[in-house]
Each structure stands twice: as structure tokens, then as C-alpha cells.
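>>> model the following, please.
(chains A and B)
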2 protein chains.
Amino acid sequence: MNAMDTKEKADLASLPIGIFDSGVGGLTVYRALHDRLPNERFVYLGDTARVPYGTKSLATVERYALENAQFLASFGIKLLVVACNTASALALPQVRAKIGLDVVGVIGPGGRKAVEIAGCETPRIGVIATEATVASNAYADRILDACDKAEILQKACPLFVPLAEEGWTDAPETFSIAKKYLAAFDDFKPDAIVLGCTHYPILKEVIQQTVGENVKLVDSGEATADEVVDLLRDKALDNRNIVSGSRRLCDDLDHFFVTDATERFGNVAERFLGMKPTKLEAVEVYGSDNMKG
Amino acid sequence: MNAMDTKEKADLASLPIGIFDSGVGGLTVYRALHDRLPNERFVYLGDTARVPYGTKSLATVERYALENAQFLASFGIKLLVVACNTASALALPQVRAKIGLDVVGVIGPGGRKAVEIAGCETPRIGVIATEATVASNAYADRILDACDKAEILQKACPLFVPLAEEGWTDAPETFSIAKKYLAAFDDFKPDAIVLGCTHYPILKEVIQQTVGENVKLVDSGEATADEVVDLLRDKALDNRNIVSGSRRLCDDLDHFFVTDATERFGNVAERFLGMKPTKLEAVEVYGSDNMKG
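You can find the predicted model right below:
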């Protein structure tokens, strides 16, 4: 980047930020980015034709992630955020190797934030995530990178995704299921728990009430958005052309793509963000990974 | 078939029966077929790389169904059972048009059985299924074909699939969620309810207790297996070469393919059938639909 002249850099800085997720969950990461970066435009891809990734294998998630990344790269973006925890856990190095752009995943920021927020020398950190993310140990690895004295306990909570998508954010059934899953942490007594799936912030209140106010919850999407803000500033990639005086979530400066079922995506987006995307299109990404060696 | 000579017919009859589903749920249909046809071999394809179909669009489900059907047809089968309710609801005519074989879906048999079992002139029939199956109205159409005086009420129950896969078949949370969904039928007072998703028979006891013993539950998989038995006999396609004295579910005469994550499939199969498939392989089906005009 040092060799880049000012004009090229200004052109790059004016491009949107790309975000992909396996589906609708990444909208919580989009919201966190949008809140912090009112002067940036976003291009979001939700791979709704192949959602969920959390029960799938490494090879399959890797292939899907590369196809999504390539689709967004070909669109023209300055930075790629892999909002999907499963894709971040299983395919971040592969995406980085193939795409000639800065790539930020959600696992590293979430893990570092958990260590920071736990605020002690031997932090006890819980991780709740999909089956695939838990099996990958990616959060445990990143947490230990940040603090090798950390104690970690992970628990997959598969029903949290459909509960969030149903919008049952304060249903007694959701509390009951949360209690059942989170009983795994009763003896462990964590200082902090990482919400290691983009859907889980939707159920944050239920989770907080279940584990008690003393346990700090870490929203990986928010931690990621904080790191993106720093990265844009450090690399002088923040957009200097003011895009609008009053941005709002899902306005027509942000472009949303899904691989299937736009109507359902719009409805769940409304449940998650309070509004539907203004610009929402269905696309094909199959075979977009034409960068394969 | 009339022009077919005896030798050709005997060869065809000795082939296995193909079954495909979006994932693991179709194992309930496999079990129903296996119970009734101990002299037949089965080839099962679970599209676990792209499961679930129930939240996806018509165009996507149609493409996936054609690829699965073509994969099984190329394997050499005498009959194709589309075990997935969503694929049956959205793509059966298209699969029939492309594959030169008898194709049986689960919607027609389930709808006809509901009318039969309701046993009255103006049957009141409930249908519980995925969002896509409900939206397609396929069950309502088939039920009205069988009895144009039927009254029908449909309800999507998205959480039943992950609850079944978690194995929470008698958890209080499952009863509570069932009560919430099935309250939709309180005023309707159905004579029968169709279990319009292959996962739902796993929760049959919860559903029966929730709606009361007076409501008859229709397992579409079992209704389909009954029709397959009749079809094989009527077309003289039943296998005359006795394959084994003592068959058991998942033995090495049946061949299982998945498009992803064999280990997870094996584990859920054990939960659903009490045992893991002996022969289980991962395959690619993408682009198998090379019959496209």
C-alpha cells in the first residue's frame, strides 16, 4: 500500500465495504459497522440459498466462503468483513490468500475483546457458537493467542438460530432452552461469554438474564466493527467524500444481495433491524470462485 | 412398460429404489419403506450440504431436486421416492419430466391418507410443514383433489426440525413450543393433521399429546411407503431375487450418500433409527442435472 499514490488511495477509499454472511445473521455485524461508520457505504451478501453453514464441513464452508468473497471482490470493495462466525472460523486464511484485499473476520476481534473485557490475569471465558465453530476451536485458539493463561469452555447452541429467526426474543420457551444450554457454564463460572454466532446478539437479553449480570457478554460483531474503524483509519482507507448528512440503516446507499428468497430475507431483516433493505437483489454466486489456482 | 420383455423387466426389478431428501429427515421415509419391503435394496441421498430446503425459493429447490434426482438416476434405480416434503411440493412435476422413471412424492400419498383417515364427508384437515411447503399449497391442492369438500388449515412449524435433530423428543421445551404452534388448530378442530415434514414423525408423541388423542396424525412417509408397495406390485417391479433372510435397517445392502458432513449424518441417523448406516459416503451432486434441455 505504501507504493500507492494519493489519487489511487482516494479512489480505493471511496469504495464500499463488503460484508458476507451465510444468511441474515450478519445483519447484526452490518448494524454495528453502520453505527460506527456513518460515512461508509456497504455491500452485503447473504448466502441464503446455502444457509446454514454451522452444521456443514470444513471443505464445504471453505468453498462457499471463497465463492462469496470473490463475488464481493468483483463488485469493487475496499475491505472485506467475513461476518459469519463459521466461515471466519473455518476459512479465513483461505479467503485472505485468494483475495487481494484486507479481510477481517469476527473470531479474532471477538476473542481479543473477551480477554480484554474479562479484565484479569487468568480469564475464564465461555464461547457459545454453532457446532462447526465449536468443533474448529477457532475461538479457543484466538483467545489463547491473546492470553495464554485463559481457561475456555465452549458450548454449541443450535436452537438459538431458529429461535432468533422466529423472533421469539422474550418467549418463555426461549428462556427455558437458554437455561438448558447455558447450564453447561454453571460450574465453570465464566468472567465473560462470547456470542460466537451472528444470530445470538438478537437473544442477548435472554442470555444475559440466564447467566446473570456478573457475566460479561461479548458481541463479536461489535468487537469486529471497532477493529474495522481502527483499520480504516490506520490505512487511511476511510471515505473522505461525505456520503450523506443523515444516514439510516438499510437506506439506498447500502446494497444487499442474497442468493435466494429475497422476501424472507426482507422479513427477517425487519425483525432484526426494524426495517427492510431499500436495495435488495437476488444473485447467483456459484462458481464465482474463478481465482482457484 | 408393456413392450418390455420379461428379461428386461427382471433386470429392472432387481435394481434398488432411490430415495432423496434435503438431509437426514428422509430416513423416516426410508424406515417406512424398509419395514414394508424387506426384499428391496435402497440408495439414499441426503443433500446435507444444502439443507434445509424449507426456507428456500421455488427456483432453488427445483434446481437442487433435479440435481439429486439425476445423481440417483445415474446410479441405476428402478423407482425414485422424493422423501423431502418441500421438494415434493415444489418440484415433483419437473423431476418427473426430466427422469425416465416412476417418481413418487410424499405430498399426494399424505393428502389422500388424511382424507381416508378422517373418514367423513366434510373432513377438516390440518397440515403442519415447513414455510416453503405451506406457501406452495401443495398439500391443500392434493387434499382437495381427493375430496373437494375438505376444509384445510396449514401452519408452518420451523422449530420442529432443529428440535428433532437435537433429539429433544420429550423435553418440556418441545412440549411448550408444540403447544404454541398447534394452538393455531384450537378453533379449527381438525379430524386429522398431516405431518408434512419428514422430521415431524420424530416428534409424533409430543404432537399427539398436544392436540389430543381424538385428532388422527398422518405420517406422509408411511402413506408414501404404502403407495410404493402397491406401485411395485402393479408394475411387477418388486424384486424376485430374495436379497436376504434377515434384513435390518442400515445394513450393507442399502447405500447412503450425503453431500456433506458424513459424521453428523451418522450421528443423527443413530438418533432417528437407532443405528448408523453401514455404507455411508460423501458425494458431489452439483451440476448432476446434465439432462437440462
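>>> quick one, helices of chain A?
For chain A, applying DSSP state H gives helices covering A:6-13, A:27-36, A:58-75, A:85-98, A:107-118, A:131-136, A:138-146, A:160-166, A:172-182, A:204-211, A:220-234, A:262-273.
>>> let me have these in TSV, extended by mean neighbour count.
In this view, the C-beta of every residue, glycine as well, is placed from N, C-alpha and C. Listed next are the helices of chain A as TSV, based on neighbours: other C-beta atoms under 10 Å in any protein chain shown:
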stretch	mean neighbour count
helix A:6-13	13
helix A:27-36	22
helix A:58-75	22
helix A:85-98	24
helix A:107-118	23
helix A:131-136	22
helix A:138-146	20
helix A:160-166	23
helix A:172-182	19
helix A:204-211	18
helix A:220-234	19
helix A:262-273	19
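>>> redo those helices as CSV? Include mean pLDDT and distance to chain B.
Converted to CSV, these look like this (pLDDT from 0 to 100; distance: least, C-beta to the nearest C-beta, whole Å):
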stretch, mean pLDDT, distance to chain B
helix A:6-13, 82, 35
helix A:27-36, 96, 16
helix A:58-75, 95, 5
helix A:85-98, 96, 12
helix A:107-118, 98, 20
helix A:131-136, 94, 7
helix A:138-146, 98, 17
helix A:160-166, 92, 5
helix A:172-182, 97, 5
helix A:204-211, 98, 13
helix A:220-234, 97, 22
helix A:262-273, 91, 6
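>>> reformat these as JSON lines; add distance to residue A:251.
Formatted as JSON lines, the helices of chain A follow (distance: least, C-beta to C-beta, whole Å):
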{"stretch": "helix A:6-13", "distance to residue A:251": "20"}
{"stretch": "helix A:27-36", "distance to residue A:251": "10"}
{"stretch": "helix A:58-75", "distance to residue A:251": "18"}
{"stretch": "helix A:85-98", "distance to residue A:251": "26"}
{"stretch": "helix A:107-118", "distance to residue A:251": "26"}
{"stretch": "helix A:131-136", "distance to residue A:251": "32"}
{"stretch": "helix A:138-146", "distance to residue A:251": "33"}
{"stretch": "helix A:160-166", "distance to residue A:251": "24"}
{"stretch": "helix A:172-182", "distance to residue A:251": "31"}
{"stretch": "helix A:204-211", "distance to residue A:251": "25"}
{"stretch": "helix A:220-234", "distance to residue A:251": "18"}
{"stretch": "helix A:262-273", "distance to residue A:251": "11"}
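>>> so which of those gets nearest residue A:246?
With C-beta to C-beta as the measure, helix A:27-36 is the member of these nearest residue A:246 (12.7 Å).
>>> just give me how far that closest one sits from the chain centre.
Relative to the centre of its chain, helix A:27-36 is centred 9 Å away, using C-alpha atoms, centre = their mean, to the nearest Å.
>>> residues in contact with it?
Outside helix A:27-36, the residues within contact range by C-beta atoms under 8 Å, 6 or more residues apart in numbering or on different chains are A:17, A:19, A:21, A:40, A:42, A:44, A:46, A:81, A:83, A:106, A:198-199, A:201-202, A:219, A:221-222, A:224-226, A:228-229, A:247, A:249, A:254, A:269, A:272-273.
>>> and what of stretch A:72-82?
Contacts of stretch A:72-82 (C-beta under 8 Å, 6+ apart): A:12-13, A:15-20, A:29, A:33, A:43, A:45, A:65, A:69, A:88, A:91-92, A:95, A:99-106, A:224, A:228, A:231-232, A:237, A:288.
>>> end to end, how far does that stretch reach?
Terminal residues of stretch A:72-82 lie 11 Å apart, using C-alpha to C-alpha, to the nearest Å.
>>> residue A:269 is in contact with residue A:275, correct?
Yes - counting by C-beta atoms under 8 Å, residue A:269 is a contact partner of residue A:275 at 7.3 Å.
>>> give me the common contacts of those two.
In contact with both residue A:275 and residue A:269: residue A:250, using C-beta under 8 Å, 6+ apart.
>>> and the gap between the residue sitting nearest the centre point of chain A and chain B?
In chain A, the residue lying closest to the centroid (C-alpha atoms, centre = their mean) is residue A:83, at 2.5 Å. Applying C-beta to the nearest C-beta, to the nearest Å, the value for residue A:83 to chain B is 19 Å.
>>> show me the contacts for that residue.
Residue A:83 touches A:19, A:20, A:21, A:25, A:26, A:29, A:30, A:106, A:198, A:221, A:224, counting by C-beta under 8 Å, 6+ apart.
>>> so what's the residue count around the fourth one?
Right, residue A:25. Taking other C-beta atoms under 10 Å in any protein chain shown as the criterion, the count of residues near residue A:25 is 29.
>>> the second one now?
Using other C-beta under 10 Å as the criterion, residue A:20 is surrounded by 27 other residues.
>>> quick one on the thing from earlier: ok, the nearest residue to the residue nearest to the centre of chain A once chain neighbours are set aside - contacts?
Spatial nearest neighbour of residue A:83, chain neighbours left out: residue A:26 (3.3 Å); criterion: C-beta to C-beta, 6 or more residues apart in numbering or on different chains. With contacts defined as C-beta under 8 Å, 6+ apart, the neighbours of residue A:26 are A:19, A:20, A:44, A:46, A:83, A:84, A:198, A:221.
>>> can I get the CA coordinates of stretch A:261-271 in CSV?
Extracted C-alpha coordinates of stretch A:261-271, given in CSV (Å, rounded to 0.1, in the frame of the first residue of the first chain):
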residue,chain,number,x,y,z
ALA,A,261,-35.6,-15.9,-1.2
THR,A,262,-35.4,-12.1,-1.1
GLU,A,263,-38.8,-11.8,0.5
ARG,A,264,-37.9,-14.0,3.5
PHE,A,265,-34.6,-12.1,3.9
GLY,A,266,-36.5,-8.8,3.9
ASN,A,267,-38.9,-10.0,6.6
VAL,A,268,-36.2,-11.3,8.9
ALA,A,269,-34.2,-8.1,8.3
GLU,A,270,-37.2,-6.1,9.5
ARG,A,271,-37.3,-8.3,12.6
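>>> from the contacts of residue A:83, pick the one nearest residue B:186.
Nearest member of the contacts of residue A:83 to residue B:186, counting by C-beta to C-beta, is residue A:25, at 33.1 Å.
>>> what sits closest to that closest one if chain neighbours are left out?
Distances taken as C-beta to C-beta, 6+ apart place residue A:198 nearest to residue A:25, at 3.3 Å, with adjacent residues excluded.
>>> the one you found: neighbour count?
Counted with other C-beta under 10 Å, residues neighbouring residue A:198 total 30.
>>> any idea how far it is from residue A:220?
For residue A:198, the distance to residue A:220 (C-beta to C-beta, to the nearest Å) stands at 8 Å.
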